[in-house]
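Engineer: the sequence isn't on hand, but the structure is:
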């Protein structure tokens with residue numbers, strides 16, 4: 001069994017090439033709005049491969065590194081994950097507006113804080 005420690009631990013998408021909000025309905029019938037961010041392909045010499053940072057709010061556990069043999073392959077694989085998300089949900093409306101937030105384009109995307117950490121930071 002292979003150890004996953006070689007994968008980069010990403011906490012932000014530093015160079016986003018696509019950033020959008022999608023409104024959608026889950027298979028359970030719930031309406032949601034999620035931010036989707038895909039980063040520029042990055043070379044990962046330890047694995048002799050490339051990866052694209054990818055974050056789908058509420059779908060990925062954080063910012064994932066989606067790998068490929070080259071930069072285009074990594075991007076294609078990242079978009080395959082986005083496509084799978086698209087196929088799992090319905091009534092998708094790209095360009096949706098997040099509730100209670102001002103939409104920023106081109107900004108650095110940071111990993112969302114865990115709820116307990118948010119509560120703790122508000123208490124201090």
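Structural biologist: That came through fine. Keep in mind the model is a prediction, meaning the values are calculated, not measured.

Engineer: list the buried ones in stretch 37-45?
Structural biologist: 37, 38, 39, 41, 42, 44 (16 or more other CB atoms under 10 Å). (C-beta placed from N, C-alpha, C; glycine too.)

Engineer: same question for stretch 42-57.
Structural biologist: So stretch 42-57, judged by 16+ other CB under 10 Å, has buried residues 42, 44, 49, 50, 51, 52, 53, 54, 55, 56, 57.

Engineer: how about the helices of this structure, start to end?
Structural biologist: For the chain, the helices defined by DSSP state H cover 71-88, 115-123.

Engineer: least confident of those helices, on average?
Structural biologist: When the helices of the chain are ranked by mean pLDDT, helix 115-123 comes last with a mean of 44.

Engineer: bridged to the spatially most central residue of the chain, which residues?
Structural biologist: Among the residues of the chain, the one closest to the centroid is residue 55, at 0.6 Å (CA atoms, centre = their mean). Counting by DSSP bridges, residue 55 forms beta bridges with residue 37.

Engineer: pretty sure it contacts residue 62?
Structural biologist: Yes - when contacts are counted by CB atoms under 8 Å, residue 55 is listed as touching residue 62 (7.2 Å).

Engineer: among the buried residues of stretch 37-45, which one lies nearest to residue 79?
Structural biologist: Distance to residue 79 across those (CB to CB) is lowest for residue 38, with 7.3 Å.

Engineer: name the nearest residue to that closest one, sequence neighbours excluded.
Structural biologist: residue 18 (4.4 Å; CB to CB, 6 or more residues apart in numbering).

Engineer: pull the number of nearby residues for that neighbour.
Structural biologist: 16 (other CB atoms under 10 Å).

Engineer: ok, it - contacts?
Structural biologist: Going by CB atoms under 8 Å, 6 or more residues apart in numbering, residue 18 touches 36, 37, 38.
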